[in-house]
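Trainee: pasted the sequence and its predicted model underneath.
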Amino acid sequence: MPDNLKKRRDKFKTASKKQAPQEEGAKKPLFGGGRVNRQMKTQFSVQFSTLQDAGLPVLRSLKILEGQMPPGRFKTVLQAVGEDVEGGSPLSEAFSKHPKVFDSLYVNVVRAGEAGGMLTEVFQRLADFMERSDKLMRRVKGALAYPIFVVLFAVGVLTFIMIVVVPQFEEIFGSIGQDLPKMTRMLIDFSNGLATYWYLLVMVPFLILSIWRLIRKSPGGLMATDRLKLKMPLFGNLLKKTQISRFSRTLGTLSTSGVPLLESLDIVRGTSTNEVLRSTIEKVKTSVSEGESIAEPLGESGIFDDMVVNMVDVGEETGELDRMLMKVADRYDDEVDATVGAMLSILEPMLIVIMGIVVGFIVIALFMPLLDMQGKV
């Protein structure tokens, strides 16, 4: 039996090496490479949880799911993970060798599940966490996409009018040979300036973006710009609620899965995208390590409102911090929905009014000379 097992293991290793290289330090396949998106990992987590619930061994579950994957990077990674598991490595350790696919949150939750014998449950929690996180990000991106598209479209149309349409009216007015109203003169001067310095439309946004990135390279600049983001009109409130929801759901998922609190805070800090929140989490970690509460540094941050702080405080006192954090996350998911709806209801009429003013100014400026000429005739 040992000889047969060794032969099967050698055969599997040889086949894995022929089919795909290791992720790290190996040549990527010519076709089917690229990044592994969260949707693929969510689907994998749900299916793996189902197979574990059915009583299949870990290695068998991995091989089934790897066989279902289309050629690509994720298939390559699962082949390597399966090989490591067959060689005797724990599943979490095999995942940790591919940090670009399985981040520290994923690995630590799986490790906690292995220690507690709850792989089925933790994979279901991971799938739920990723689904809810993706849903939240889609809401925010959808809210930002609409006004950005409208503004870019409006800028494009107005640029066309200024560069193509206004010069034609200027020729007509020149042939008439009469003095132009001040509004018309201002519009023609702006049109000529835009036609001459059109490259500024590209250079100015690029310059602003470059300066913004340069400022964010320093720790002080990063903190200042992230604080500025949270104080922006309309978008700042949305960003703040999104950050609270992600923090609460991530920490709640880790706590529910049995990951130690200090380690969970390290992971949450690593996954945070806002430096103000990262600094707050560091203060929370210091407070916890000194035997103090989580709620106090959260309340001092200026990000978390009283409701969140009180719920966290109650969760600490009752020993149900994970449940309270998940309630906060669900509550703020709903808050994000409401904020997105309110923001769009404000932005839509605002953009329409601004566009109406700009277009009205152009129309009046262009037709005033024609009306004057008609009046003289």
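Mentor: Received, thanks. Since the structure is predicted, the reported quantities are computational estimates derived from the model, not experimental observations. Numbers count the residues shown, from 1 in each chain.
Trainee: and the helices in the stretch 151-300 of the chain?
Mentor: Taking DSSP state H, counting those that start in this stretch as the test, the helices found in the stretch 151-300 of the chain are 166-176, 182-196, 200-215, 219-231, 235-256, 261-271, 275-289, 295-300.
Trainee: state the mean pLDDT of the longest one.
Mentor: The pLDDT scores in helix 235-256 average 89.
Trainee: that helix versus helix 275-289: what angle between them?
Mentor: 30 degrees (axes from the mean of the first three to the mean of the last three CA atoms, to 10 degrees).
Trainee: and the angle for helix 235-256 with helix 261-271?
Mentor: Using the same axes, to 10 degrees: helix 235-256 against helix 261-271 is 140 degrees.
Trainee: look up phi and psi at residue 197.
Mentor: The phi/psi pair for residue 197 (degrees, to the nearest 10) reads phi -110, psi 40.
Trainee: gap between it and residue 191?
Mentor: In this view, residue 197 and residue 191 are 11 Å apart by CB to CB, to the nearest Å. Every C-beta, even on glycine, is put in place using the N, C-alpha and C of the backbone.
Trainee: try residue 174
Mentor: Residue 174 is 13 Å from residue 191, by CB to CB.
Trainee: tabulate the helices of the stretch 151-300 of the chain (TSV), appending distance to residue 354 and mean neighbour count.
Mentor: Shown next, in TSV, are the helices of the stretch 151-300 of the chain (distance: least, CB to CB, whole Å; neighbours: other CB atoms under 10 Å):
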stretch	distance to residue 354	mean neighbour count
helix 166-176	19	14
helix 182-196	17	15
helix 200-215	18	11
helix 219-231	23	15
helix 235-256	17	22
helix 261-271	37	18
helix 275-289	31	18
helix 295-300	39	18
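Trainee: need these in TSV with distance to residue 154, can you?
Mentor: Shown next, in TSV, are those (distance: least, CB to CB, whole Å):
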stretch	distance to residue 154
helix 166-176	16
helix 182-196	15
helix 200-215	13
helix 219-231	24
helix 235-256	19
helix 261-271	36
helix 275-289	33
helix 295-300	41
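Trainee: lowest average pLDDT across those?
Mentor: helix 166-176 (a mean of 81).
Trainee: what is the mean pLDDT for the strand or helix carrying residue 132?
Mentor: Using DSSP states H and E, residue 132 sits within helix 119-160. For helix 119-160, the per-residue pLDDT values average out at 84.
Trainee: what's the angle between that helix and helix 261-271?
Mentor: 20 degrees.
Trainee: was I right to think residue 332 contacts residue 247?
Mentor: No - when contacts are counted by CB atoms under 8 Å, residue 332 is not listed as touching residue 247 (9.3 Å).
Trainee: ok, longest helix in the protein?
Mentor: For the chain, the helix that runs over the most residues, judged by DSSP state H, is helix 321-376.
Trainee: who are the packing partners of that helix?
Mentor: helix 119-160, helix 166-176, helix 182-196, helix 235-256, helix 306-318 (3 or more CB pairs under 8 Å, 6 or more residues apart in numbering; DSSP states H and E).
Trainee: contacting residues around stretch 39-52?
Mentor: 58, 60-62, 64-65, 68, 74, 78, 101-102, 106, 119-121, 123-124, 126-127, 130-131, 134 (CB atoms under 8 Å, 6 or more residues apart in numbering).
Trainee: distance between the longest helix of the chain and the chain's centre?
Mentor: Counting by CA atoms, centre = their mean, to the nearest Å, helix 321-376 is centred 23 Å from the centre of its parent chain.
Trainee: quick check: mean pLDDT of that helix?
Mentor: 85.
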